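Engineer: turn this into a structure:
(2 chains)
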Amino acid sequence: MYYRIKDELAECLQARLAEAFGITREQYRVQVQYPARLEFGDFGVSFPFELAKVLRRSPQQIAQQFLDGFRAPAYVRRIETAAGGYINLAVDRWLVFQDAVRALTAGRLWPEFEPDAGKTIVEHTNINPNKAAHIGHLRNAILGDSLVRLLRFNGKRVEVQNYIDNTGVQVADVVVGFRHLEQQGPAEVAAIEDRFDYVCWDLYARVAHFYEASEANARLRGEVLHQIEAGDNEVAELADLIATRIVNCHLDTMERLDIRYDVLPRESDILHLHFWDTAFGQLKARGAAELETAGPNAGCWVMRYQKDGQEDTKILVRSNGTVTYTGKDIAYQLWKIGQLDRDFHYEPFRAYDDGHTVWASRSTPADESDLQPPRFGGGDWVFNVIDVRQAYTQNVVFEGLRRLGYTDEAARSVHFAYEIVALSPRCAQELGFELSEEDRQRAHVEVSGRKGLGVKADDLLDRLEEKARREVDVRNPAMPPDQAARTARDIAVGALRYFMVRYSRKALIVFDFDDALNFDGETGPYLQYSAVRARNIGLKYREHFGQDEAATAAALDGLSALPAIELPDDVWELLTQALKLRDAARASLAGQELAAFAKYLYTLAQRFSNFYNKHHIIGEEDPVRRLVFLAVVHIYYQGMQRGLDILGIPIPERM
RNA sequence: GCGCCCGUAGCUCAGUUGGAUAGAGCGUCGGACUACGAAUCCGAAGGUCGCAGGUUCGAGCCCUGCCGGGCGCGCCA
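Structural biologist: Residues are numbered from 1 along each chain as shown, chains lettered A, B, ... in the order given. Down below sits the predicted model:
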């Protein structure tokens, strides 16, 4: 198989290196690359340059000596030196093609990766349950969900967690809003029929002004927060009602994007089950937590650690005995790596259409549920999808693990950091916000839930669907309305999901409706469109030649017995790009960069579009060429289908 | 003050972990539908990779300094 050729060649070259120069793989590891240009070949290496000094010979001489007596595998058609020291290899196109067609007809184009015995936990979304989700949350959830899909493709067993901070000040603020601005209690709030997350969005922004109005108002926040943490009172009941309703809204929003979860750990349960106590016990026993007796932090339990030769101190327990955010996070991370010695109880929170259940944590054993929860937590690898502003805190948490002796676990805990989504000043003004003179001069404005400044996730999805629907209706006047709606939805999802992963994690996205609503060029719809066309070719082909699927499959099967024909460059480039799917997925995961995989798929779609415009498959006179083209289109479609699935992008029937 | 990140075409971004002539999209200009669907394709213009040194056979990528921008560093969460 083609995906194995690169590895095989590396082995082969490595062996020859030992034979010709006595260089072991420990001394030098051969790295096979893809040459910059097609005419150079399909694979290339540059080790003659790198070994020139050690071997005391010119790169050219090394390359020559290496090649004299080198026995290349049978599929290597051409091997030569270039540009004073590169070694380029070109493979036999027809052999690779036949091999790929056999894999296609046998249904094993992308064999599964070795399943991984361990468990990988991915935590993402983590939206404060006090208002509607916005574009910043979309980047988190889409990045997180795409990572989950990529991990699964790479053979990992993944558990998806969505942490619910239901006892924080953000929820308290909305409770204050309902009680003191709206004069509403649990019964009235439960009866609200309007979009609950939107109601809270506006209310949350009003509470910020309410606090500014007087000291007494501002004090309400602390009082409410205290009552929420204490539990067992009407304020806590209201907070729970709000948080639960909002979580349901968030799950609905994410469901529109095919994003699902396995478990929702709730902060209130971390408190009630005293996760911190056992974590604190471990920290004290190890001497990682120390009680300060003097100085500004007197009375606090702190963690001291060395960072770049400088000592840093982080407070874990305040002098009033309460635990800081960092402290709670260490306890939670310990649970995730299976070293807390304490667990949640669980209850089903929601059942998805396909029967999958998302569970929520609870503090007490579930009464009489016939469903038994899976074992949650205890991951061998942990990915925390959190924006880059939390880098410092995440480092402190991992340092905490190391101080407790969990160095391997800390090494397998990843802060999957990404830059935030901000708004262009123009976009903020479009949304009806008055910007200060200072903000107007800036390149971007930060989204702010407190100010109510932001683009709501569902509003954006609605606008995408409306625009897609107009385009669908223009192109497909005869399409039934329900199919048109479905298609518009698929296009909206494709556009949004691709938009959020096409940027590298370190790139700050300055959001603008013009960019996000674009369906041309490097966008999700471009990829979807190319897949739809490829699928159509298969349909039209069978229709035109009066074949059923079995007959077409038989014809493709017979292809490997036919005499070789010359594969044109553009066909070859399309084929090899499609066959690099596994390589691209592996590299994307190794580099922890989803944008790399997105770019790979985009390039693949470009090659197909190019091929599509140049060659007419059904109109092709030569029956062998026609069949070869059809096979390549099939391979392309299979690759695109698999690739788009990794990005969570659906393929409409028509568009 | 300390730490992290960024600076590449008019705009938004890639750049396979140091490789060959720095690539896409948008925008601009000019072309291609009586053939599988033009949400497409082809062509053109557009670059001192922030600046200056250094390491290297080779630097957009590594090191040092400077300039410009963003973020983080709380007995908030």
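
Engineer: tell me the SS of the closest residue to A:Lys540 other than its chain neighbours?
Structural biologist: Spatial nearest neighbour of A:Lys540, chain neighbours left out: A:Ile618 (6.0 Å); criterion: Cβ to Cβ, 6 or more residues apart in numbering. Backbone N, C-alpha and C define where each C-beta goes, glycine included. What DSSP: H, G, I helix; E, B strand; the rest coil gives for A:Ile618 is coil.

Engineer: surely A:Ile618 meets A:His544?
Structural biologist: Yes. Here A:Ile618 reaches A:His544: they are 5.3 Å apart, a contact under Cβ atoms under 8 Å.

Engineer: can you map out the strands along the stretch 201-350 of chain A?
Structural biologist: Under the criterion DSSP state E, counting those that start in this stretch, the stretch 201-350 of chain A contains strands at A:263-264, A:289-291, A:301-307, A:310-317, A:345-351.

Engineer: among the ones you listed, which is nearest A:Glu8?
Structural biologist: Proximity to A:Glu8, assessed across those by Cβ to Cβ, is greatest for strand A:263-264 (41.5 Å).

Engineer: show me what the closest one is packed against.
Structural biologist: strand A:157-161, strand A:357-362 (3 or more Cβ pairs under 8 Å, 6 or more residues apart in numbering; DSSP states H and E).

Engineer: count the residues that sit near the closest residue to RNA strand B within the stretch 451-600 of chain A.
Structural biologist: Residue nearest to RNA strand B within the stretch 451-600 of chain A (Cβ to the nearest atom of the strand): A:Gly521, separated by 2.0 Å. Using other Cβ atoms under 10 Å, A:Gly521 has 8 other residues around it.

Engineer: and the strands of the stretch 201-350 of chain A, which is most packed in?
Structural biologist: Most buried of the strands of the stretch 201-350 of chain A by mean neighbour count (mean count of other Cβ atoms under 10 Å) is strand A:263-264; its value is a mean of 24.

Engineer: what sits against A:Tyr86?
Structural biologist: Neighbouring residues of A:Tyr86 by Cβ atoms under 8 Å, 6 or more residues apart in numbering: A:35, A:40, A:44-46, A:48-49, A:63.

Engineer: how about a cut-off of 10 Å?
Structural biologist: Applying Cβ atoms under 10 Å, 6 or more residues apart in numbering to A:Tyr86 gives the contacts A:33, A:35-36, A:40-41, A:44-49, A:59, A:63, A:80.

Engineer: so which of those also contact RNA strand B?
Structural biologist: Among the contacts of A:Tyr86, the residues within reach of RNA strand B (Cβ under 7 Å from any atom of the strand) are A:33, A:35-36, A:40, A:44, A:46, A:49, A:59.

Engineer: next step: those restricted to helices.
Structural biologist: A:49, A:59 (DSSP state H).

Engineer: which one (most neighbours) among the ones next to RNA strand B among the contacts of A:Tyr86?
Structural biologist: Going by other Cβ under 10 Å, A:Pro59 tops the ones next to RNA strand B among the contacts of A:Tyr86 with 21 neighbours.

Engineer: hang on, the earlier thing: now for the ones next to RNA strand B among the contacts of A:Tyr86: which two are most distant?
Structural biologist: Of all pairs drawn from those, the one with the longest distance (Cβ to Cβ) is A:Ala36 and A:Pro59, at 17.2 Å.

Engineer: can the strands of the stretch 201-350 of chain A go into JSON lines with extra columns for distance to RNA strand B and mean pLDDT?
Structural biologist: Converted to JSON lines, the strands of the stretch 201-350 of chain A look like this (distance: least, Cβ to the nearest atom of the strand, whole Å; pLDDT from 0 to 100):
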{"stretch": "strand A:263-264", "distance to RNA strand B": "17", "mean pLDDT": "98"}
{"stretch": "strand A:289-291", "distance to RNA strand B": "11", "mean pLDDT": "95"}
{"stretch": "strand A:301-307", "distance to RNA strand B": "8", "mean pLDDT": "87"}
{"stretch": "strand A:310-317", "distance to RNA strand B": "4", "mean pLDDT": "89"}
{"stretch": "strand A:345-351", "distance to RNA strand B": "21", "mean pLDDT": "95"}
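
Engineer: spell out which residues of the stretch 251-400 of chain A are next to RNA strand B.
Structural biologist: By the rule Cβ under 7 Å from any atom of the strand, the part of the stretch 251-400 of chain A lying against RNA strand B is A:296-300, A:308, A:310, A:314-315, A:318-320, A:322, A:324-326, A:388-393.

Engineer: one more time with 6 Å
Structural biologist: Within the stretch 251-400 of chain A, the positions adjacent to RNA strand B are A:296-300, A:308, A:315, A:318-320, A:324-325, A:388-389, A:391-393 by Cβ under 6 Å from any atom of the strand.

Engineer: show me where the stretch 451-600 of chain A has helices.
Structural biologist: Per DSSP state H, counting those that start in this stretch, the stretch 451-600 of chain A carries helices over the ranges A:457-475, A:481-501, A:513-516, A:524-545, A:549-558, A:569-579, A:581-590, A:594-614.

Engineer: what are the contacting residues of the fifth one?
Structural biologist: In this structure, residues lying in contact with helix A:549-558 by Cβ under 10 Å, 6+ apart are A:101-102, A:104-106, A:538, A:541-542, A:545, A:547-548, A:623, A:626-628, A:630-631, A:634.
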